[in-house]
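In: coords please:
(chains A and B)
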Number of protein chains: 2
Amino acid sequence: MRVYGDSISGNCLKVKWVAEHLGRAYSWIETDILKGESRTPEFLAMNPAGQVPLVVLEDGRPLAQSNAIILHLAEGSDLIPADAYDRARMLEWMFWEQYSHEPYVAVARFHVRYMGKAVADLEPRLVERGNAALQRLEDGLAGSAFLVGETATLADVALVAYTRMAHEGGFDLGRYPRTAAWVKRVEAALKIA
Amino acid sequence: MRVYGDSISGNCLKVKWVAEHLGRAYSWIETDILKGESRTPEFLAMNPAGQVPLVVLEDGRPLAQSNAIILHLAEGSDLIPADAYDRARMLEWMFWEQYSHEPYVAVARFHVRYMGKAVADLEPRLVERGNAALQRLEDGLAGSAFLVGETATLADVALVAYTRMAHEGGFDLGRYPRTAAWVKRVEAALKIA
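Out: Predicted coordinates for the structure are as follows:
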């Protein structure tokens, strides 16, 4: 399996963590988004959406979208709950992540860390919605060690990816103590450095 | 099963269409987002994210996020491919929909139809990215009648929701003839009026 990913991207790291947790062999092909390497004709032939991560499976078939990739790789593993309702809650968090968390928490970080923007100059809407997402996570962690029950699932993989880097976008995880503790817990469960 | 939804929202209609396709009994509780009915204390107690659609299952447990809800309802049905790779491609389209289609195509329509904005005054980025999403859909439909193979799946449900209303945001489906034909095909398959 080949994984086309940019190491600065939390979305790409999700795939790496899940593959390693599952002991799945893969080769990582570093694809620099800042240099436009996901927009070359060769890359677009594999993924017309021009986005990383992209996986090319052993049989040559491509698959894109970080959360779709990790759902595929982890089928039947301990990262997906056996109970149908728990599985649905996991998916709820994963879709929420792409719609209500990544576009603010990850985008703020991208502007600050890679585009040279000062935290003070970030669009107020980004900061406000990023904090709303972190608060939602904080509330969601009130009753359990992980987002869906007492063991790590793909919901934690998806949400930890940019939450653990939130400070790079100017967010203060000190305001969200349950979330900060959960980040450490997920990092330990997934053996993330 | 209770479905809290706003009939003007494509995300909410997805749930209605899937429930009806599956012959699943439900009661629809109209929840007016323009009047803030998804932000009341009562609603937030059921869904802290303050978003519709929200489903309350027969056993009283809540579930949010349109795509997570329809994945849960449709488990084991003809709307989810049996093949693992096809299932993964379906999920790829569904995550892409929430990240790269809905935030442009649906948001443009919301501004024009419900906020009284003129199409000419829409943010250029919304229009550009909305058209890019429609073009991606057009390309994705080059080889098959539906997004994943020759029968309708949840990928079609998710993507048709706002594509069929794209003209209300000023998008011209005449530029995307395969997509326009596919909208009719999905509407027929799902018996959408």
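In: For residue A:48, see how far away the residue of chain A most remote from its centre is.
Out: Farthest-out residue of chain A from its mean C-alpha position, per C-alpha atoms, centre = their mean: residue A:41, at 26.0 Å. Distance of residue A:41 to residue A:48, given as C-beta to C-beta, to the nearest Å: 11 Å. For every residue, glycine as well, the C-beta is placed using N, CA and C.
In: For chain A, list the residues in contact with chain B, please.
Out: A:48-49, A:57, A:61, A:63-69, A:71-72, A:75, A:84-85, A:87-89, A:91-92, A:94-96, A:98-100, A:102-103, A:136, A:139-140 (C-beta under 8 Å from any C-beta of the partner chain).
In: Type out the PyMOL command that picks the buried ones from these.
Out: Those of these that count as buried under 16 or more other C-beta atoms under 10 Å in any protein chain shown are selected in PyMOL with:
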select buried, chain A and resi 49+57+63+64+65+66+67+68+69+71+72+87+88+89+91+92+94+95+96+98+99+100+102+103+136+140
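In: Which of the residues of chain A next to chain B fall in strands?
Out: A:63, A:64 (DSSP state E).
In: ok, and for the helix ranked longest in chain A, which residues are buried?
Out: Counting by DSSP state H, the longest helix found in chain A is helix A:124-140. By 16+ other C-beta under 10 Å, the buried positions in helix A:124-140 come out as A:126, A:127, A:129, A:130, A:131, A:133, A:134, A:136, A:137, A:138, A:140.
In: Next, format those residues as a markdown table and append distance to residue B:188 and pLDDT.
Out: Compiled in a markdown table, these are given as follows (distance: C-beta to C-beta, whole Å; pLDDT from 0 to 100):
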| residue | distance to residue B:188 | pLDDT |
| --- | --- | --- |
| A:126 | 41 | 97 |
| A:127 | 45 | 98 |
| A:129 | 38 | 98 |
| A:130 | 42 | 98 |
| A:131 | 45 | 98 |
| A:133 | 38 | 98 |
| A:134 | 44 | 98 |
| A:136 | 39 | 96 |
| A:137 | 41 | 97 |
| A:138 | 45 | 97 |
| A:140 | 40 | 96 |
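In: Can you add distance to residue A:188 and give these back as JSON lines?
Out: Shown next, in JSON lines, are those (distance: C-beta to C-beta, whole Å):
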{"residue": "A:126", "distance to residue A:188": "30"}
{"residue": "A:127", "distance to residue A:188": "29"}
{"residue": "A:129", "distance to residue A:188": "29"}
{"residue": "A:130", "distance to residue A:188": "25"}
{"residue": "A:131", "distance to residue A:188": "26"}
{"residue": "A:133", "distance to residue A:188": "23"}
{"residue": "A:134", "distance to residue A:188": "20"}
{"residue": "A:136", "distance to residue A:188": "23"}
{"residue": "A:137", "distance to residue A:188": "18"}
{"residue": "A:138", "distance to residue A:188": "19"}
{"residue": "A:140", "distance to residue A:188": "19"}
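In: And these, which is closest to chain B?
Out: Of all these, residue A:136 has the smallest distance to chain B: 6.1 Å, by C-beta to the nearest C-beta.
In: residue boundaries of the helices in chain A?
Out: So, for chain A - with DSSP H - the helices run A:10-22, A:41-46, A:66-73, A:84-96, A:107-109, A:124-140, A:154-163, A:177-190.
In: Can you give the contact residues for the shortest one?
Out: Same thing as helix A:107-109. Helix A:107-109 has contacts (C-beta atoms under 8 Å, 6 or more residues apart in numbering or on different chains) with A:122, A:126, A:127, A:130, A:162, A:165, A:166, A:168, A:169, A:170, A:171.
In: how about 6 Å then?
Out: Applying C-beta atoms under 6 Å, 6 or more residues apart in numbering or on different chains, the external contacts of helix A:107-109 come out as A:122, A:126, A:130, A:165, A:168, A:169.
In: before we move on, what about stretch A:45-55?
Out: With C-beta under 6 Å, 6+ apart as the criterion, stretch A:45-55 contacts A:3-6, A:12, A:15, A:31, A:38-39, A:44, A:62-64, A:66, A:69, B:139.
In: same check, this time on stretch A:115-122
Out: By C-beta under 6 Å, 6+ apart, stretch A:115-122 touches A:108, A:111, A:112, A:170.
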